[in-house]
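Q: Sequence first, then the predicted structure:
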2 protein chains.
Amino acid sequence: MMDKIADRKRSWSIRGALWLGIVASIAIDGSVLAQSAEPVSPKLTDTLRDLLRKEMVSIEDASKQILSALVAGDNARVAELAQRIHDSFILQQSMTPEDRKNLMAAVPKGFVEQDRAFHAISAALTDAARSGDRAQQQEEFGKMIEACSACHAEYATDRFPKFAE
Amino acid sequence: MMDKIADRKRSWSIRGALWLGIVASIAIDGSVLAQSAEPVSPKLTDTLRDLLRKEMVSIEDASKQILSALVAGDNARVAELAQRIHDSFILQQSMTPEDRKNLMAAVPKGFVEQDRAFHAISAALTDAARSGDRAQQQEEFGKMIEACSACHAEYATDRFPKFAE
């Protein structure tokens, strides 16, 4: 049983590392969590900063609702919320072509990559919930929270100064 | 790097399996999540049912606050909240000797074991937060949510009927 668990974890972690790339490495290796780049927010236009702030608030709220749905075994609700996080993804929605141009000019490549990886995790969580795979939902939810922390530690130390201590 | 991640995961999962015993097996193996025993709540006295309900509400609330603290890198806040979950543990606090006797007479051994394992996870999360180990906090937080789900799936299908579907 323990070998089975270990093998499953190993297979997950290898698949995760291949799939998530940079974010997985940062999130799993705690030592990298402390690494920080320049905060992204001050480089944004007022419009983009406001969009990003609203996006983050809605993601945090949805994540807490996902936690409640997970411990209630409510697959449909997890799928709905994860899909909502996916759909409100800041690089895909709510931006004019000019906002998009401004964003790409302001943020480093690593930020875009972490945003995309987060987007992929929300899609994987939606899929796991739709297929009723509860173990996989727990796995993806964990990756999602790790991805939040990793991105904040690297690009949002102005908002979350504890990551820079 | 991938080998390092896989080895670390393997070491975590073996340690976790040894340490958490039954809960780890149930939580990691998704197929077992669907398994349900008789709901515990109807077997309790009114006093105990009320205590358990209040405990569950406070744990859910604290878990959501831990999520916010984790993504803010706030180790001290994670430690405080995890300690609070630990201290309000239903089998350790708030019960008269008679309540305790009634509880032990009403609940199966597996329920007590899962409650103890959950208690141990909250202590491990407190320790990880106090030592500032963010990767370990993510790991323990994931185990905590898995333990909630596993126990609800087995002993609270009256409150969470989706687990019985």
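A: Cool, the structure landed. Residues are numbered from 1 along each chain as shown, chains lettered A, B, ... in the order given.

Q: For stretch A:78-95, give the mean pLDDT please.
A: Averaged across stretch A:78-95, pLDDT comes to 85.

Q: how many neighbours does A:Asp50 have?
A: Residues near A:Asp50, counting by other Cβ atoms under 10 Å in any protein chain shown, number 11. Glycine gets a C-beta too; all of them are placed from N, C-alpha and C.

Q: residues near the residue nearest to A:Thr126 when sequence neighbours are not counted, how many?
A: Once flanking residues are discounted, A:Thr126 sits nearest to A:Ala82: 4.2 Å by Cβ to Cβ, 6 or more residues apart in numbering or on different chains. By the other Cβ under 10 Å criterion, the neighbourhood of A:Ala82 contains 28 residues.

Q: For A:Ala82, give me its contacts.
A: A:Ala82 makes contact with A:Ala62, A:Ile66, A:Ser122, A:Ala123, A:Leu125, A:Thr126, A:Ala129, A:Glu140, according to Cβ atoms under 8 Å, 6 or more residues apart in numbering or on different chains.

Q: Leaving out sequence neighbours, find the closest residue to the fourth one.
A: With sequence-adjacent residues excluded and distances taken as Cβ to Cβ, 6+ apart, A:Ala123 is closest to A:His86, at 5.4 Å.

Q: so which helix or strand takes in that neighbour?
A: Using DSSP states H and E, A:His86 sits within helix A:75-87.

Q: Kindly report the same for A:Arg116.
A: When the helices and strands are read off by DSSP H and E, the one containing A:Arg116 is helix A:109-130.

Q: Nearest the middle, which residue of chain A would you pick?
A: The centre of chain A sits closest to A:Phe118, judged by Cα atoms, centre = their mean, with a distance of 3.2 Å.

Q: Could I get the full set of helices for chain A?
A: Remark: helices assigned in chain A by DSSP state H are A:2-20, A:22-28, A:30-33, A:46-71, A:75-87, A:97-106, A:109-130, A:134-155.

Q: can you put those helices in CSV and add distance to B:Glu113?
A: Output for the helices of chain A, formatted as CSV (distance: least, Cβ to Cβ, whole Å):
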stretch, distance to B:Glu113
helix A:2-20, 18
helix A:22-28, 29
helix A:30-33, 30
helix A:46-71, 18
helix A:75-87, 26
helix A:97-106, 51
helix A:109-130, 27
helix A:134-155, 20
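
Q: Mark which of the contacts of A:Ala82 are buried, thanks.
A: A:Ala62, A:Ile66, A:Ser122, A:Ala123, A:Leu125, A:Thr126, A:Ala129, A:Glu140 (16 or more other Cβ atoms under 10 Å in any protein chain shown).

Q: and the third one, how far is that from A:Gly132?
A: Counting by Cβ to Cβ, to the nearest Å, the gap between A:Ser122 and A:Gly132 amounts to 18 Å.
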